[in-house]
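Engineer: Quick one, fold the following:
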Amino acid sequence: MSSTSSKDFINLVIRGNWGFSSTMSRGRGMGGRTQALGKGNRCASKTVGSFNGSVIAVNSTYIELSDSGNRLRGLVSFFGIMAAFPLLPGAAMLVYIIALGYGEMPVAVYFLVLLASLFIPLILVLLNVSIRWDMFRKTHYPMRFNRRDRKVYAWSQDMGVVTMNWDDIQFYTSEATKSQDRRGMSREEIRGYVRDRNGNMLYHLVFFKYEGLKGMKGVLEIWELVRRYMEESDGHIQAHQVDQRLLDLDGKRESFIHSLIQATQVLADSRAFQLIFAPMVMWAGTGRILAKWTCRVPRWPEWVEEKCRVAPDDSYVRNRHTEPPLSAKEILWPLFCFLLGWAEVLAILYFCFRGYF
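Structural biologist: Residues are numbered from 1 along each chain as shown. Model prediction:
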């Protein structure tokens with residue numbers, strides 16, 4: 001195996017860097033349904049710029065967004081943790097049987113147990129990837145779009161902070177084909193890539209993604225917000241006037257209640273759907289809380305802060321300090337769905353296993 005292949009293997013399998021990383025930049029394909037996006041052209045007349053749960057801060061110098069994976073943060077890791085409970089004791093039992101139980105088992109049974117034990121390394125690798133997917137890394141990987149120097153500063157998973165020229169990024173929409181949809185590989189996102197002077201892929205990442213009923217329309221609203229911010233003279237004013245909440249991630253770890261708010265929005269924008277599928281809110285909320293509290297808050301280097309310095313008299317500043325407090329409805333609804341989900345799951349477990357207690 002070459003050194004590059006070894007590094008990529010460690011990057012993906014050991015460290016779980018499946019987001020914006022050097023390995024994914026080289027390996028990310030451009031399959032599916034794609035369409036190039038022009039920076040100087042507005043989207044359809046009904047498409048307006050919106051935060052859609054992606055924006056962290058806005059001012060006259062830069063707009064800061066979270067990475068495309070932030071919306072689903074914690075889902076994969078919580079699944080890995082739940083899978084570890086039965087799988088790890090089972091793997092330990094297999095090892096015990098092989099080591100001590102040979103004389104008490106028929107040869108055929110021993111052979112089957114030995115065959116099953118061969119899958120233990122694969123199981124451990126899958127558990128590691130699923131847990132490392134969201135845990136024990138950065139709480140999020142923010143991106144800053146600086147309209148003053150026309151640069152994009154993005155946190156990567158293995159390259160530190162990467163700087164890209166806004167004018168060099170080729171943006172395009174990426175949607176799954178019908179065949180991919182049938183195989184559960186649905187996606188609606190906006191990607192971008194930068195090539196070096198020789199035409200080789202330098203960076204290739206998912207810039208914008210949206211999980212909700214609006215689908216691709218929601219992604220295009222985020223794109224239109226950023227596009228106008230970078231291309232139009234009053235783009236910073238338009239972004240400042242958007243009537244949506246910012247993410248509670250500006251230089252801090254996401255709070256408990258904001259994690260629950262994001263968990264309810266993962267499913268859909270429908271409260272009826274959130275109520276019916278409350279156990280899924282519990283799953284998303286618990287996984288998100290665990291992921292956020294096992295990760296480190298990203299801190300921009302001083303050279304980035306210098307490039308993105310905001311004027312003291314900037315009247316278009318929006319961040320978590322300028323946002324109005326959450327209303328009672330905004331707090332109580334996600335909390336109710338979360339607790340209801342836990343109550344339903346515990347009730348199901350009780351009726352399934354009550355005979356064992």
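
Engineer: Surely Glu211 is in a strand?
Structural biologist: No. Assessed with DSSP: H, G, I helix; E, B strand; the rest coil, Glu211 is coil; it does not lie in a strand.

Engineer: Could you report the pLDDT at it?
Structural biologist: With respect to pLDDT, Glu211 scores 78.

Engineer: okay, now the closest residue to it other than its chain neighbours: neighbour count?
Structural biologist: With sequence-adjacent residues excluded and distances taken as C-beta to C-beta, 6 or more residues apart in numbering, Glu211 is closest to Arg71, at 4.8 Å. Bear in mind the C-beta positions are built from the backbone N, C-alpha and C, glycine included. The number of residues packed near Arg71 is 21, by other C-beta atoms under 10 Å.

Engineer: Am I right that Arg71 falls within a strand?
Structural biologist: No. Assigned with three-state DSSP, Arg71 falls outside any strand and is helix.

Engineer: So it is in contact with Gly218, correct?
Structural biologist: No. The criterion here is C-beta atoms under 8 Å, and Arg71 misses it with Gly218 at 10.3 Å.

Engineer: overlap in contacts of the two?
Structural biologist: In terms of C-beta atoms under 8 Å, 6 or more residues apart in numbering, Arg71 and Gly218 are both contacted by the residues Tyr210.

Engineer: Could you find the closest non-adjacent residue to the residue nearest the centre of the chain?
Structural biologist: Ranked by distance to the mean C-alpha position of the chain (C-alpha atoms, centre = their mean), the top residue is Gly69 at 1.4 Å. Nearest non-adjacent residue to Gly69, counting by C-beta to C-beta, 6+ apart: Gly19, 5.4 Å away.

Engineer: List the residues that contact the one you found.
Structural biologist: Asp67, Ser68, Gly69, Tyr141, Ser156, Gln157, Leu205.

Engineer: ok now do the fifth one, which residues does it touch?
Structural biologist: The neighbourhood of Ser156, defined by C-beta under 8 Å, 6+ apart, consists of Gly19, Phe20, Ser21, Ser22, Tyr141, Val162.

Engineer: is it fair to say Ile190 lies in a strand?
Structural biologist: Yes. Judged by three-state DSSP, Ile190 forms part of a strand.

Engineer: pretty sure it contacts Lys217?
Structural biologist: No. Using C-beta under 8 Å, Ile190 makes no contact with Lys217, being 12.0 Å away.

Engineer: Tell me which of those two has more neighbours.
Structural biologist: Taking neighbours as other C-beta under 10 Å, Ile190 and Lys217 compare with Ile190 leading, 22 against 17.

Engineer: Could you check how far that one is from Val206?
Structural biologist: According to C-beta to C-beta, to the nearest Å, Ile190 and Val206 sit 7 Å apart.

Engineer: List the contacts of the closest residue to Lys209 other than its chain neighbours.
Structural biologist: If the residues on either side of it in the chain are set aside, Lys209 comes closest to Ser68, at 3.8 Å by C-beta to C-beta, 6+ apart. By C-beta under 8 Å, 6+ apart, the residues touching Ser68 are Gly19, Glu189, Leu205, Val206, Phe207, Phe208, Lys209.

Engineer: ok, which pair from those residues is furthest apart?
Structural biologist: Gly19 and Phe208 (13.7 Å; C-beta to C-beta).

Engineer: SS state for Gln238?
Structural biologist: Going by three-state DSSP: Gln238 is helix.

Engineer: OK, contacts around it?
Structural biologist: Contacts of Gln238 (C-beta under 8 Å, 6+ apart): Gly49, Leu225, Arg228, Tyr229, Glu232.

Engineer: so what pLDDT did the residue nearest to the centre of the chain get?
Structural biologist: Note on Gly69: pLDDT of 89.

Engineer: same thing with the one 3 residues further on?
Structural biologist: If you check Leu72, the pLDDT there is 87.

Engineer: What of Phe78?
Structural biologist: For Phe78, the pLDDT comes out at 84.

Engineer: would you say Val206 is within a strand?
Structural biologist: Yes. Counting by three-state DSSP, Val206 is found in a strand.

Engineer: Who's the closest spatial neighbour of it, skipping the chain neighbours?
Structural biologist: Nearest residue to Val206, sequence neighbours excluded (C-beta to C-beta, 6+ apart): Ser68, at 4.2 Å.

Engineer: separation between the one you found and Met135?
Structural biologist: For Ser68 relative to Met135 (C-beta to C-beta), the value is 18 Å.
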